[in-house]
Every structure is written in C-alpha cells, then in structure tokens.
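K.L.:
sequence-free structure coming up:
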Ligand SMILES: CSC[C@@H](O)[C@@H](O)C(=O)COP(=O)(O)O
C-alpha cells in the first residue's frame, strides 16, 4: 500500500506522558489527572481533592484504561483517608465507578486493605492514611515495572512469530503511557519494536464512539516518532484483505479464568478478522487484569454507555442534566436509540497469546492462566 497513507510522527517530545500524579500543596493533598477528554487539542489538568471528584473523572473518561484505573482508584482511597473522609464509602464509590476493568477494584481494594490493616492493628487514622498512600505509590511503581516487562516479552514474541522483522501492527483503543504508570501494555510492545527499528508501521483504529485511537493513540504515536496511520474501525477489513497487517496488539480490561478477553468494543471483530487472515491476535495486559473469580466471558459485566456518545459527536463528557442529550452535534435524528457497549468479549480460541509481565501464555487455556496466576504474587486464587 502506498506510503502516502503513513504519518511519521516528527514530534520528539518525551513519550511518557504522566497521566496522573499525587501532589501535596499547602492546601492539602490532591490527585492531579491529565484530562484525557480534552486531548489532543489541549493538555489540561484536573485536580481532584476528594473521591467523588475522582469518581466523576473515571465515569467521564478523564482518567481511563485498565491499569491506570487501578492506580487512580488506589490514590482515590488514599485521598479520602488523608483528607479525613469516610474511607469505606470512598472505596465503595470508586470500585463501582466503572464495572468492566477489574484493575479498578484491584487497586481500590489494595489501598483499602492497607488502610484497614493499620486500623485493625490499633493504628490511628493518620497512620492508616499513610499506609493507603504507600499502597497506591507501590501499585503505581509496580505498574511501570510491569509495563517494561510486558514490552520485553511482547517484543520477543513478535520476533518469534514474525521472524522477518518490519512489523506492521494494528492496534485498537489506547494502551500507552496514558493508561499506565509506565509505557502501557499493547502500545509499549509496539514502542519497543519501534525503538529497535522493527516497527514498520502502527495502524491505529480510530475507536468509535469516543475516538481513543484517534485522539490518544495517535497522540502517543506522534510523540514517539513512530510511523503510524489512522483508520476508521470499519476500514480494518480491507487492510487485512490487502495483506497489510502482520499482527494485532490490544490491551484488556478483564481476562476471565477461561481466557476470554474483555477489551474496547471493536476488539472482537478484529480477532475474527485476524483468524480469517491467519494473523496473530495478541493481548497484552498485566497479571492483575486476569480475574480468576470470573469464570468465563459470559460472566463479564460489560459497561453500557449513554446513547448520546453514538448519536452525537463532540459531546462534552458531562451530559446535559435531566435529558438524554449530551450537548454535542447530533449525527442522528432526535430520539434515535443507540446500542453503546463500551467493551466486547473475545473468546480464548481467537487469542493467539496473552503477554503479561510474568511471561507469555500461548495457547490460552484455563490451566495455563491458572498456572500464571499461581506464579504471580499479585493475584490471589480463591
Ligand atoms: C491497557 S489498556 C486496555 C484497555 O483498558 C483499553 O484497551 C480499553 O479498552 C480502555 O477503554 P476505556 O473505555 O477508554 O477505558
């Protein structure tokens, strides 16, 4: 395919964009988020001073992506604790802010458990708050480390599956430093391939309806200097048919015990296309995304988002109160019903491999995933 479709990012700014940070100004501790709803047009920060503000930021997707939701949730518990709010209430509200990404509840529970453990030992609320914050910081560091190890394992897998090099990788949604304490999941693998000169091109699905691919992945790809090309989600079929895709790399929001993968809606059709065209479909996710308590794909709760995200474009993320409208530009007749699941589920038989920081699972089976979880100190098998 002709190179006029490619965009070589020429912006050599740092590739790691801090998606969130903890700050302690004189007025009191805050969690500062890069507002992802405003990217790429503006780099605007959102300052959360309490858990309800963070819950709203999570619902509106100002902060998003499975690993980062876990880190944000943990800091949210710490924020409630250090500011003297009810920590149990905050933890419950944060955990239920979005249902599909298991990492959110993993992060919230980890900081909450650290807080509770100190109280149970007779510690005071200040000591308990310090423990919650330490747990959040530790999770943040672990996420960065996991990201680096996933990139190593993922690159080795690509080299094994595609020995010729010059990889043309298709990705969906956004999985880079905007969703992680490090360089992300699937995007981190593409970045690793780019750094060693083996990425020929990153194909970026725009990811309707909220355009995480166009707005965020293209933003990250441009910053990294890699060759990338944006396509509408429904152009992926013709790209496969033209023989232009060597591998698909996506992240995950929850991986059931049987290896079913919930990820951004549109991932499942890519897996079907990949199988038809004999292209590997690779999922990259930290071990915390594997949820042994969810037995199979049918048991994964898929978040349903408001219809206006489909019937309008450019809607502000805070909906217009008391109406179904989102305040954006209508692209469908008023009153049109919309089907808007945020995620879909890919069955394990369509997944070539799951890359984690603990290594690669391939073929994807219940037994192999259970062994992975048993090896990892981060996942407790019930
Ligand atoms: C590493 S990120 C994996 C997933 O969280 C990502 O692909 C995704 O689906 C994010 O969805 P979002 O609705 O933007 O939070």
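P.N.:
Happy to help now that I have it. What you see is a predicted model; the values in this text were computed from it and never measured.
K.L.:
show me what contacts residue 58?
P.N.:
For residue 58, the contact set (CB atoms under 8 Å, 6 or more residues apart in numbering) comprises 64, 69, 72, 73, 94, 97, 98, 104. C-beta here means a position set from N, CA and C on the backbone, and glycine is covered the same way.
K.L.:
tell me which helix or strand it sits in.
P.N.:
helix 51-59 (DSSP states H and E).
K.L.:
quick check: mean pLDDT across the next helix-or-strand element following that helix?
P.N.:
Per DSSP H and E, the first helix or strand lying C-terminal to helix 51-59 is helix 66-82. In this model, helix 66-82 has a mean pLDDT of 98.
K.L.:
longest strand of the protein?
P.N.:
Counting by DSSP state E, the longest strand found in the chain is strand 199-205.
K.L.:
what helices or strands is that strand leaning on?
P.N.:
For strand 199-205, the packing partners by 3 or more CB pairs under 8 Å, 6 or more residues apart in numbering; DSSP states H and E come out as strand 167-171, helix 186-195, helix 218-224, strand 227-231, helix 236-241.
K.L.:
who wins for proximity to the ligand among these?
P.N.:
Distance to the ligand, taken as CB to the nearest ligand atom, is lowest for helix 186-195 among the helices and strands packed on strand 199-205, at 6.7 Å.
K.L.:
quick one: is that closest one near the ligand?
P.N.:
No: taking CB under 6 Å from any ligand atom as the criterion, helix 186-195 and the ligand are apart, separated by no less than 6.7 Å.
K.L.:
sorry, back to before: any chance of the helices and strands packed on strand 199-205 in TSV, plus mean pLDDT?
P.N.:
Supplementary listing: these in TSV, determined by pLDDT from 0 to 100:
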stretch	mean pLDDT
strand 167-171	98
helix 186-195	98
helix 218-224	96
strand 227-231	98
helix 236-241	98
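K.L.:
format these as TSV; extra columns: mean neighbour count.
P.N.:
Listed next are the helices and strands packed on strand 199-205 as TSV, based on neighbours: other CB atoms under 10 Å:
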stretch	mean neighbour count
strand 167-171	25
helix 186-195	27
helix 218-224	24
strand 227-231	19
helix 236-241	17
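K.L.:
which phi and psi does residue 32 have?
P.N.:
Main-chain dihedrals, residue 32, degrees, to the nearest 10: phi -100, psi 130.
K.L.:
ugh, wrong one, I meant residue 33
P.N.:
Dihedral angles (degrees, to the nearest 10) for residue 33: phi -110, psi 140.
K.L.:
neighbours of it, how many?
P.N.:
The number of residues packed near residue 33 is 24, by other CB atoms under 10 Å.
K.L.:
mind checking how far it is from residue 18?
P.N.:
10 Å (CB to CB, to the nearest Å).
K.L.:
sorry, back to before: export the helices and strands packed on strand 199-205 to CSV and tack on distance to residue 276?
P.N.:
Output for the helices and strands packed on strand 199-205, formatted as CSV (distance: least, CB to CB, whole Å):
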stretch, distance to residue 276
strand 167-171, 14
helix 186-195, 21
helix 218-224, 26
strand 227-231, 18
helix 236-241, 8
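K.L.:
quick one, what contacts residue 76?
P.N.:
31, 48, 51, 54, 55, 90, 94, 108, 111.
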